[in-house]
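Chemist: Quick one, structure for this:
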Amino acid sequence: MDLRSPSSELLARFAALVGPANAMTEAAEIAPRLVENRGLYHGKSSMILKPGSTEEVSAILTLASETKTPIVPQTGNTGLVGGQTPSEDGTAIILSLERMNRIRDIDPLANVMVVDAGCILADVQKAAESGHRLFPLSLGSEGSCRIGGNLSTNAGGTAVLAYGNMRQLCLGLEVVLPTGEIWDGLRRLKKDNTGYDLRDLFIGAEGTLGVITGAVLKLFPQPAGHQVAFVGLPSPDHALSLFEKASNLCGTALTGYELMPRIGIDFTTRHIANVRDPLPTAHAWYVLVDISTNDSAETAEAMMHNLLEQGLEAGLIEDAVIASSVAQQKALWHMRESMSDAQKPEGGSIKHDVSVPVSKIPSFMAEAEKRVLDAMPGARVCAFGHLGDGNIHYNISQPVGADKAAFLARWREMNAIVHGLVLEAGGSISAEHGIGQLKRDELALIRSDIEIDLMRRIKRSFDPAGIMNPGKVISLP
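Modeler: Have a look, this model is predicted:
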């Protein structure tokens, strides 16, 4: 591929496809889009294009394929693995879908919604509520992340336990291929066994195979009853035993089960505004239990009280509080969702988005902490996440008073320790954040030769010019 930046003449041709007002070329306007959320990746680009329709996206990719111009799709720029950040060579044009933010249709009877890929997640949630329905994907960044990025990374969030991740929440897609061809796969069917499932190729592909421009999303009835409890307990083993009771007692009504360490509570109460410790005394570990029922509030309340009583009788729970209002429920979830941001004021943080079989979480946590502290005495492990689906955000904060740059320089060393244990447990090094740039080279080392070869074949088949988000997910020799 030609590694020169696009010429002024070529930039003018691209700008003409969307109109001058939707082609950003000023350095100050582009700068915020060149930095990944954690500051790990910084790129360069001469232009951001903001198409207003699928047809404009098609025209952009047609020209890009003809001229072999790299295109980096970007929605909310909230990704955590550098998948949305252009390279430093300045050859790529950023394609932003923020103008494509229409709710195309809501069908409450069929429990589906058709949306543009540039819709903000929180707006999709509100639109579902207006139709007396629920779109259950919930993330800490839901006020700024967009549906196209959620699909491209196969986002998970806090309700995967009950509803699944984005792959399970999507029925159909509209995609513009690198050649400019438009695939209209906006089917609303739950059963459709007509050949290969093309939809699943694009979900989780991080913009390397095409640009998702629209989606058919699944909706659900709004819960009639909702209860949230915050529980203090001694260890992840106790949390796992309580989870088993919750699963047996609540079944599909168990919509969230989040594990948090004491250090995470300390960080959030110290650095996040209007957050306080929900329990009067400190505990080593905590779980946030979320129960939603479709029949009545009384059912949800009875389930929660029954669960906590059983947990106390079995010696699993040290203390607990049940939220008494919607505001308190939101406050408890806010504490959990703020935990990652609360690490920033504590200095450098080496983060891992991993999953292991649920039954192996306690042993993984214990062995990982031992090995991390053996390698880096004084490091502060803040491991939290979705115990119910096996997804742990295994984050390591720098030792107090340590040099941040020197700490972050050991990122790969810490990765090797944590990811090595994850693989020993039969887990995954990327549970919900994707591969992007951060884990691309590691992916090639842990997946089998045939898997890597098949991925490369798919990439070459869909993107023969190699223009779609180059350098992300899979490298081409």
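Chemist: Tell me where the stretch 151-300 of the chain has strands.
Modeler: 170-176, 182-185, 211-218, 220-221, 225-233, 254-261, 285-293 (DSSP state E, counting those that start in this stretch).
Chemist: Just tell me which of these ends up closest to Ser5.
Modeler: Nearest to Ser5 among the strands of the stretch 151-300 of the chain is strand 211-218; the distance by CB to CB comes to 21.6 Å. For every residue, glycine as well, the C-beta is placed using N, CA and C.
Chemist: which outside residues touch that closest one?
Modeler: With contacts defined as CB atoms under 8 Å, 6 or more residues apart in numbering, strand 211-218 is touched by 54, 57, 61, 71, 73, 95, 97, 100, 104, 111-117, 124, 135, 147-148, 151-152, 168-176, 186-188, 202, 468.
Chemist: re earlier: so which of the strands of the stretch 151-300 of the chain is nearest Lys360?
Modeler: Nearest of the strands of the stretch 151-300 of the chain (CB to CB): strand 254-261, 13.5 Å.
Chemist: and the angle from that closest one to strand 285-293?
Modeler: Interaxial angle, strand 254-261 versus strand 285-293 (axes from the mean of the first three to the mean of the last three CA atoms, to 10 degrees): 170 degrees.
Chemist: who's in contact with strand 254-261?
Modeler: 136, 158-159, 161-163, 223, 236, 239, 243, 246-247, 284-292, 336, 339, 361, 381-388, 392.
Chemist: Give the ChimeraX command for selecting the buried subset of those residues.
Modeler: ChimeraX command restricting those to the buried ones, with burial defined by 16 or more other CB atoms under 10 Å:
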select :136,158,159,161,162,163,223,236,239,243,246,285,286,287,288,289,290,291,292,336,339,361,381,382,383,384,385,386,387,388,392
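Chemist: Now, the contacts of strand 254-261 that are in helices?
Modeler: 161-163, 236, 239, 243, 246-247, 336, 361 (DSSP state H).
Chemist: quick one: which two of the residues you listed are the most distant?
Modeler: The widest separation within these (CB to CB) is 24.1 Å, between Tyr163 and Pro236.
Chemist: Nearest approach to Lys44 belongs to which of the strands of the stretch 151-300 of the chain?
Modeler: With CB to CB as the yardstick, what comes closest out of these is strand 211-218 (20.9 Å).
Chemist: Off-centre distance for the least confident helix or strand in the chain by mean pLDDT?
Modeler: The weakest-scoring helix or strand in the chain, judged by mean pLDDT, DSSP states H and E, is helix 440-446 (a mean of 89). Between the mean C-alpha location of helix 440-446 and the chain-wide mean there is a distance of 20 Å, by CA atoms, centre = their mean, to the nearest Å.
Chemist: So for Ile48, which of the strands of the stretch 151-300 of the chain sits nearest?
Modeler: strand 211-218 (14.3 Å).
Chemist: Pull out the buried residues from that closest one.
Modeler: In strand 211-218, counting by 16+ other CB under 10 Å, buried: 211-218.
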